[in-house]
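Visitor: Sequence and predicted structure, then a few things I'm wondering about:
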Amino acid sequence: MANKGEKKYRKIRKAHIWSSIVEFLLFTVAATFILIVALAYFGSYVIDTKIASEYEKILTMSRLYESGIESGDRNIYNLLKAEGRDYLITDAQGSILYADGTDTRSGESGTVLLPGYDEEILVYRDVSRSFIYPGESGRLTLDLAGFARWMSSDEDEEDKDPELALESNRNLINLPLWLVVEIDGGRQFFVGKAIFSTGRRDVMMFTALVVGLIILLGIIMFTILGAGIKNFIRQRRMLSLFFDDVVTEGRNRTYLLVKGERMLRRKCNGNNRFAIVSLLFVNYNTFCICHSVQQGNQVLGRIYRAIEKKLDRREMIGHCGAGDFGLILHYEDERALRIRLEGIISELEQIDSEHKFFFQAGVAFADRATDEEGRSVRSSELDFDTEYSDAMAARMSLGGGDESGIAFFDDKLIKEQQWLDQVQERQRAALDSEEFLVYYQPKYDPRTSELRGAEALIRWNSPEFGLVPPGKFIPIFEKNGFITEIDHYMIRHVAADQKKWLDQGLKCVPVSVNVSRAHFIESDLAEQICRMVDQAGTPHELIEIELTESAFFDDKKAMINTINKLKGYGFAVSMDDFGSGYSSLNSLKDMPLDVLKLDAEFFRGETSDRRGEIVVAEAIKLAKNLNMRIVAEGVEVKEQVDFLAAEDCDMIQGYYFAKPMPGSDYEEKMKAGRSEKPAEEDS
Ligand code: C2E
Ligand code: CA
Ligand code: CA
């Protein structure tokens, strides 16, 4: 199937070429027609007038003959002989009574209506020539080709008939007709051979007509051809504009879409491998903001030319918009291609002496293209757009970070894409049919092993995929916005569970629920949460809200506002993943938080890491001084528990005590109230 660019390209090509071709063809047909009609008219005119005058002569001869018979004057025959023309006398049955000269009638006869004569005249064709036909309409019809041959031939009757040549001038030619005149009341007929004298004037007139017409038609044809050529040149220019990129003064994306795709379809195969690359100038937007769009575009132009220099004749480049360049590269093997791209990128990184730029490349292999069902695509059906999207997807998998990188589009990426599609397709139905489960991970006091709280963690119990951990779908929901509904779902279920357990007389502890940062910007978030918890009839102190550390950077004011409102309603608020990435010390200063959750990262790796211990100990002290409780996440070993107990850490949430578990198991933990031993495999 042709892509959009290809279609437009073809349209431009067709529009101009076709108008010229159609014009030219129409005119050629019209010109040929005009020429034929003009020649036919002229020929008929000549024939008509010649035959009329010939008929007049034969009529005179027949009268002479008749008068000779009546008067018995034999001299009349000598007079007729002096005419130098063949003639014969027949009776009504056509038998020859008298002949003077050779009878060359073909035997075929017809009637014609001569101009100026009322009645039809009987004519015979001549065996030697046949370009005049007595037509059915009673007119003489001219066979143009035969006529032209006759006009141009040197063959003259005089060559065959020396007598005639002697008597007449060189231009006397026998017409291919015998004209019949009735005499003696229709009992006898005078049949005379017509003689056509092509005078110099006739030939000149004919030649002038033909030459004139040809010149005229030639001029018109030349004009049309000129216009066609002009159109063709204009079209070439338009097409080149079609492929021009105004920013880099190179080629654009359409060029790849049309020419690139054609080239791939022709040349890409197992021996001749091509890769499609989406190469992004990462700093383009920032550079434009800091300098100007014009300067940004100048850099793009330089990048374009620098890449162009690195390509061989089989390869192509096009600027695909903003900082993105599309490349079609020839490659032998993946490793060599990666090395080559690394070389190009490292050169581009230094294209500006004052700035360090970054470039990210995504690569899709055209020779390995597959369709949606995973079947390999034939090269004749290769589609640049699809390959380019794959290359972009590969590039985007690098993340938007400020660094250079190369990613190849492979099966993993396809699977990720498929997974993304499946999740998005099913998310709504999964929520409606309550496929999402709430798991609880208890939090214990390391000093007393008492149950002090829990975190609600989502699981997706999918009939198709089994029990899916949140890492596989939460990031997708965060991107597509579905996370808001998930957060609501979790709060409602946790509130309902807590209420149920409370009613059962269980000793409930606060359960924290994760609220995504995407959700946190909503100004009435606190009200929404309050309403949901109240609907379940759950005391507010049994619900805690966990905010992830990175969310604190979005809109500080709104954040503080929401936290204050939540606290006002009596909910505890915690900062999740403290110390996991961004420095959040500053946020602690302004945020009136209740709980600090130390990121699990602190407890990975070496158990007796002295420096790590110092950081953790100081974080605990900091939290205490700020009047916050502290939870250590991801604690798996006894030494860490002992250390945290010694440092007065309030709670531990980790596999050492318990893994996240279904609500029914968590009920048992509540009933026990404290943990005696290391946790067993619960989930
Ligand atoms: P998180 O909020 O930091 O949750 C803690 C994660 O650490 C949980 O993973 C938990 O199972 C895991 N964990 C706890 N103790 C240990 C340990 O000792 N060792 C190890 N290796 N892991 C431990 P999980 O349940 O897979 O959740 C992953 C992330 O998914 C959560 O990180 C949270 O960011 C997100 N998430 C989970 N449930 C929800 C939810 O209901 N709403 C939102 N918005 N996000 C959620
Ligand atoms: Ca959490
Ligand atoms: Ca956490």
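Guide: Nice, I can see it. Ligands and ions are numbered 1, 2, ... in the order given.

Visitor: Three-state assignment for G110, please.
Guide: Under DSSP: H, G, I helix; E, B strand; the rest coil, the three-state class of G110 is strand.

Visitor: How many residues are close by it?
Guide: Counted with other Cβ atoms under 10 Å, the neighbours of G110 add up to 18. From N, CA and C alone the C-beta is placed, and that goes for glycine too.

Visitor: OK, contacts around the nearest residue to it once chain neighbours are set aside?
Guide: Spatially, and ignoring its direct neighbours in sequence, G110 is nearest to P134 (2.9 Å; Cβ to Cβ, 6 or more residues apart in numbering). By Cβ atoms under 8 Å, 6 or more residues apart in numbering, the contact set of P134 is 109-112, 123, 125, 140-141, 177.

Visitor: Near ligand 2, which residues of the chain? Just list them.
Guide: 514, 546, 576 (Cβ under 5 Å from the ion).

Visitor: My assumption is that Q417 lies in a helix; please confirm.
Guide: Yes - with three-state DSSP as the criterion, Q417 is part of a helix.

Visitor: Next, count neighbours for it.
Guide: 15.

Visitor: Is E249 located within a helix, as I assumed?
Guide: No - using three-state DSSP, the secondary structure at E249 is coil, not a helix.

Visitor: That one against G301, yeah?
Guide: Yes - with contact defined as Cβ atoms under 8 Å, E249 reaches G301; the gap is 6.0 Å.

Visitor: Can you name every helix or strand that whichever strand or helix holds L39 contacts?
Guide: According to DSSP states H and E, L39 maps onto helix 4-71. Judged by 3 or more Cβ pairs under 8 Å, 6 or more residues apart in numbering; DSSP states H and E, the packing partners of helix 4-71 are helix 75-82, strand 87-91, strand 140-142, helix 144-152, strand 172-183, strand 188-197, helix 200-243, helix 253-255.

Visitor: Go through these and find the least confident stretch.
Guide: Lowest mean pLDDT within these: helix 144-152, at a mean of 70.

Visitor: Helix or strand: which one has the nearest residue to L525 once chain neighbours are set aside?
Guide: Using Cβ to Cβ, 6+ apart and skipping residues adjacent in sequence, the residue nearest L525 is T562, 5.4 Å away. T562 is part of helix 556-569 when elements are defined by DSSP H and E.

Visitor: Parallel or antiparallel, which strands does the helix or strand following that helix pair with?
Guide: Next in sequence after helix 556-569, counting helices and strands by DSSP H and E, comes strand 572-578. Sheet pairing of strand 572-578 (DSSP bridges) gives strand 543-548 (parallel), strand 595-598 (parallel).

Visitor: Need the winner for burial among these.
Guide: strand 595-598 (a mean of 26; mean count of other Cβ atoms under 10 Å).

Visitor: Which SSE is immediately downstream of that strand?
Guide: The helix or strand immediately downstream of strand 595-598 is helix 610-625, counting by DSSP H and E.

Visitor: Which residues does that following helix contact?
Guide: For helix 610-625, contacts defined as Cβ under 8 Å, 6+ apart pick out 578-579, 588, 596, 598, 602, 605-606, 629-630, 632, 643-644, 647-649.

Visitor: Swap in 6 Å and give it another go.
Guide: Under the contact criterion Cβ atoms under 6 Å, 6 or more residues apart in numbering, helix 610-625 has outside partners 596, 598, 602, 630, 647, 649.

Visitor: what about it, distance to the chain center?
Guide: 59 Å (Cα atoms, centre = their mean, to the nearest Å).

Visitor: still on that earlier bit, in TSV: the strands paired with strand 572-578, plus mean pLDDT.
Guide: Conversion of these to TSV gives the following (pLDDT from 0 to 100):
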stretch	mean pLDDT
strand 543-548	92
strand 595-598	95
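
Visitor: okay, these in JSON lines with distance to T102 next?
Guide: Below are those laid out as JSON lines (distance: least, Cβ to Cβ, whole Å):
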{"stretch": "strand 543-548", "distance to T102": "121"}
{"stretch": "strand 595-598", "distance to T102": "130"}
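
Visitor: can I get those in JSON lines with distance to ligand 3?
Guide: Converted to JSON lines, these look like this (distance: least, Cβ to the ion, whole Å):
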{"stretch": "strand 543-548", "distance to ligand 3": "7"}
{"stretch": "strand 595-598", "distance to ligand 3": "5"}
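
Visitor: Pass me the low-pLDDT residue ranges in the stretch 1-150 of the chain, would you?
Guide: 1-2, 15-17, 147, 150 (pLDDT under 70).

Visitor: Please name the nearest non-neighbouring residue to L337.
Guide: Y331 (4.1 Å).

Visitor: circling back to that earlier point, could you redo the helices and strands packed on helix 4-71 as a markdown table and give each row mean neighbour count?
Guide: Formatted as a markdown table, these follow (neighbours: other Cβ atoms under 10 Å):
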| stretch | mean neighbour count |
| --- | --- |
| helix 75-82 | 13 |
| strand 87-91 | 18 |
| strand 140-142 | 21 |
| helix 144-152 | 14 |
| strand 172-183 | 22 |
| strand 188-197 | 22 |
| helix 200-243 | 13 |
| helix 253-255 | 22 |
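
Visitor: out of the ones you listed, nearest to ligand 3?
Guide: helix 253-255 (43.1 Å; Cβ to the ion).

Visitor: So what touches whichever helix or strand comes after the closest one?
Guide: Next in sequence after helix 253-255, counting helices and strands by DSSP H and E, comes helix 261-267. Residues outside helix 261-267 that contact it (Cβ under 6 Å, 6+ apart): 274, 366, 379-380, 382, 384.

Visitor: Check the offset of the following helix or strand past helix 261-267 from the chain's centre.
Guide: Past helix 261-267, further along toward the C-terminus, the next helix or strand under DSSP H and E is strand 273-281. Here strand 273-281 shows a centroid-to-chain-centroid distance of 18 Å under the convention Cα atoms, centre = their mean.

Visitor: CA-only coordinates of the helix or strand following strand 273-281 in CSV, if you can.
Guide: Next along the chain after strand 273-281, taking DSSP H and E as the criterion, comes helix 284-290. Extracted C-alpha coordinates of helix 284-290, given in CSV (Å, rounded to 0.1, in the frame of the first residue of the first chain):
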residue,chain,number,x,y,z
TYR,A,284,17.3,20.8,20.8
ASN,A,285,14.4,22.1,22.9
THR,A,286,16.5,23.4,25.8
PHE,A,287,19.0,24.9,23.3
CYS,A,288,16.1,26.8,21.6
ILE,A,289,14.8,28.1,24.9
CYS,A,290,18.3,29.2,26.1
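
Visitor: Can you give the contact residues for the very next helix or strand once past helix 284-290?
Guide: Counting by DSSP H and E, the next helix or strand C-terminal to helix 284-290 is helix 293-309. For helix 293-309, the external contacting residues (Cβ under 6 Å, 6+ apart) are 247-248, 250, 281, 284, 287-288, 317, 319, 348, 351.

Visitor: any idea which of those is closest to ligand 2?
Guide: The closest of the contacts of helix 293-309, once distances to ligand 2 are taken by Cβ to the ion, is Y284, at 36.1 Å.

Visitor: How about that closest one, nearest residue that isn't a chain neighbour?
Guide: G323 (3.1 Å).

Visitor: Distance check, that neighbour against G401.
Guide: Per Cβ to Cβ, to the nearest Å, G323 is found 15 Å from G401.

Visitor: and what of E633?
Guide: 25 Å.

Visitor: Check E544 too.
Guide: Noted for E544: a distance of 33 Å to G401, by Cβ to Cβ.

Visitor: how much distance is there from stretch 588-604 to the middle of the chain?
Guide: 51 Å.
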